[in-house]
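>>> Sharing a sequence plus its predicted fold:
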Amino acid sequence: MKPNPSTTDRTCITDLTVRYGRATALDNVSLTLTTGITGLLGPNGAGKTTLLRVLATALVPTAGDIQVLGRDPRTPRERQEVRRRMGYLPQSPGFHRHFTAFEFVDYVAILKEHTVRSARHAEVRRVLDAVGLSAERSKKLKALSGGMRQRVALAATLIGDPELLILDEPTVGLDPEQRLRFRELIADLGEGRTVLLSTHQTEDVAALCGRVVVLGGGRLRHDATPQGLSELARGRVWFSRDRALGSVAGWRTGTGVHRNIGVPPEDAELAEPTLEDGYLLLNATQEGATV
Ligand SMILES: Nc1ncnc2c1ncn2[C@@H]1O[C@H](COP(=O)(O)OP(=O)(O)OP(=O)(O)O)[C@@H](O)[C@H]1O
């Protein structure tokens, strides 16, 4: 277990704006990351990857302040230090299919400037073991399943035992069993470390995160505990035989009844809200619906 980062090692952004030409991907976002796992939710195009790339020092913001692990990534020396102390798992890690798992992770370790061969190889073995892939280390990436490849990518992210982990949709495309396995891994990694986990899976957030941040249209829409997000929908979720008037989001369940989110009628059969309900309600509100 790692010690809590001191306030001088904190990771925060203040009034951060990122524009791609005329498009504003992040609009005046301020956020301080805390120890533990923070889930980052938001619809497609909300700005999640952009935020992660800024924190991972892969993208320079248009405006605003940024500190990562207490350093300013805009200066080359501090940026280099940040990169050594942080692990970033991008959405598409860009595998070299003919590499073995060991060769791929070793290659990343070389890029991270682990120059002493024997120590580097020991570190590669350590991280492959941490993700449960010791037995597969000599297999070529093209021969591994998608879930295993994702674990190889996570292993590469863990080189150097980073204090800050930035994970962009790590469970996408995994089957339920692999997702559970990945969740366990991430839960372990979140012990005493700062993890920012971008995802579309509200179940992953409910299962893993102590905090959830929601982006929408490049703005910060919500920052609370998962329970806090669920509570947004308290008294706003109900069942009905058909899709109800006043419903801004909802679906027909397997039993044939409709689960509605929005403004319930007075005699509605209210349901216990979930994190997904709170999130859907928040998104519907953002889109201009009245709830
Ligand atoms: N390189 C780029 N050039 C131009 N526009 C971009 C670029 N990258 C992102 N954008 C735009 O910025 C906005 C935010 O994109 P971003 O990828 O950060 O969102 P996201 O929340 O990660 O979406 P998703 O869930 O689909 O991955 C979108 O409108 C997107 O089209």
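Received it, and whenever you're ready, just let me know what you need.
>>> Return the residues in contact with the closest residue to residue 201 other than its chain neighbours.
Nearest residue to residue 201, sequence neighbours excluded (Cβ to Cβ, 6 or more residues apart in numbering): residue 171, at 5.9 Å. C-beta: built from backbone N, CA, C; applies to glycine. By Cβ atoms under 8 Å, 6 or more residues apart in numbering, the contact list for residue 171 reads 150, 178-179, 182-183, 199, 201, 204.
>>> next one: residue 107
Residues in contact with residue 107 (Cβ under 8 Å, 6+ apart) are 96, 99.
>>> and the nearest residue to residue 48 once chain neighbours are set aside, what pLDDT?
Nearest residue to residue 48, sequence neighbours excluded (Cβ to Cβ, 6+ apart): residue 198, at 4.4 Å. pLDDT, residue 198: 96.
>>> now swap in the one 4 residues further on and tell me
Looking at residue 202, its pLDDT reads 94.
>>> Over to residue 10?
At residue 10, pLDDT is 91.
>>> State the number of residues packed around it.
16 (other Cβ atoms under 10 Å).
>>> can you check residue 104 too?
25.
>>> Now name the helix or strand holding it.
helix 101-111 (DSSP states H and E).
>>> And that helix, what's buried?
101-106, 108-109 (16 or more other Cβ atoms under 10 Å).
>>> Could you dump those residues into TSV with pLDDT and distance to residue 217 added?
Listed next are those as TSV, based on pLDDT from 0 to 100; distance: Cβ to Cβ, whole Å:
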residue	pLDDT	distance to residue 217
101	96	39
102	97	43
103	96	42
104	95	37
105	96	37
106	96	41
108	92	34
109	93	39
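>>> quick check, nearest of those residues to residue 16?
For these, the closest approach to residue 16 (Cβ to Cβ) belongs to residue 108, at 27.5 Å.
>>> Setting aside sequence neighbours, what's the nearest residue to that closest one?
Counting by Cβ to Cβ, 6+ apart, residue 108 lies nearest to residue 156, which is 4.0 Å off, once chain neighbours are set aside.
>>> What average pLDDT does the strand or helix carrying the one you found get?
Assigned by DSSP H and E, residue 156 belongs to helix 146-157. For helix 146-157, mean pLDDT rounds to 91.
>>> Thank you kindly, that will do.
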